[in-house]
Each structure stands twice: as structure tokens, then as C-alpha cells.
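A.B. asks: Give me a model of this one.
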Amino acid sequence: MASRTVRFISGADQMVICPYDHHHVIHSRNLGKHIRKCRKNYTGPELAVCAFSAVHIMPPQELLAHQASCPYAKYDVYAAAPE
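C.D. replies: Numbers count the residues shown, from 1 in each chain. The predicted structure follows:
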């Protein structure tokens, strides 16, 4: 069975594989729009969405480990920092 996470197949700013359907290969700049459409038709196992990036989608059991190392997590710290 294919992994249900977003996978880059040709560089971080190029083509990615959809977490909802591994047959879908999308340019990374179109991923957000594609995911919104594809999620509506998805009938597979439940997937979790990262709190720091809506395009980081994975099985629920992988979410905590992902969020501990998510590259976007550091930006959330600055938003919550007191002034």
C-alpha cells in the first residue's frame, strides 16, 4: 500500500504525489487547490492534517512525530510570542 503522506518526487518546489490518491501527481504550487478538491471525493482511511501546514496530510498515528519536526512549526512560535 502506498504511503498516505505528501511526497516530493522531483524537488521541494516541483511535483508531489497527492496523499488522497497516489495516482495524482501535482505541481507543488497547485497542491493546496488540488487537496481541497480531492479531499471531497476521498473515501479511504482517516487522515490527519498538520496544525502548521494544511498540505501536510498523514495517517493520525504519524501526526505527533511530524509536528515535532515540522519545518513550519517554528513560525507558529513567533506568532504566539508575547510582545
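A.B. asks: Show me where this structure has its strands.
C.D. replies: Ranges of strands in the chain, per DSSP state E, are 7-8, 15-17, 25-27, 48-49, 57-58.
A.B. asks: How about residues contacting the longest helix along the chain?
C.D. replies: Determined from DSSP state H, the single longest helix within the chain is helix 31-41. Outside of helix 31-41, the residues within contact range by Cβ atoms under 8 Å, 6 or more residues apart in numbering are Val6, Val16, Cys18, Pro19, Tyr20, Asp21, His24, Ile26, Ala54, Val55, Ile57. In short, each C-beta sits where N, CA and C put it, glycine included.
A.B. asks: What does the residue sitting nearest the centre point of the chain show for phi and psi?
C.D. replies: Residue closest to the average C-alpha location in the chain (Cα atoms, centre = their mean): His56, at 1.7 Å. Phi and psi for His56, reported as degrees, to the nearest 10, are phi -90, psi 100.
A.B. asks: ok, Gln67 - contacts?
C.D. replies: Counted by Cβ under 8 Å, 6+ apart, Gln67 has contacts Cys50, Ala51, Phe52, Ala73.
A.B. asks: what's the residue nearest to the last one when sequence neighbours are not counted sitting at in phi/psi?
C.D. replies: Same thing as Ala73. Distances taken as Cβ to Cβ, 6 or more residues apart in numbering place Phe52 nearest to Ala73, at 5.0 Å, with adjacent residues excluded. Note on Phe52: its backbone torsions stand at phi -100, psi -20 [degrees, to the nearest 10].
A.B. asks: Run a quick neighbour tally on Phe52.
C.D. replies: 15 (other Cβ atoms under 10 Å).
A.B. asks: Look up how far Cys38 lies from it.
C.D. replies: 20 Å (Cβ to Cβ, to the nearest Å).
A.B. asks: just Leu64 next, same as before
C.D. replies: Plainly put, Leu64 is 24 Å away from Cys38 if you go by Cβ to Cβ.
A.B. asks: Looking at these two, which one has more neighbours?
C.D. replies: Between Leu64 and Cys38, Cys38 has the larger neighbour count (other Cβ under 10 Å), namely 17 against 9.
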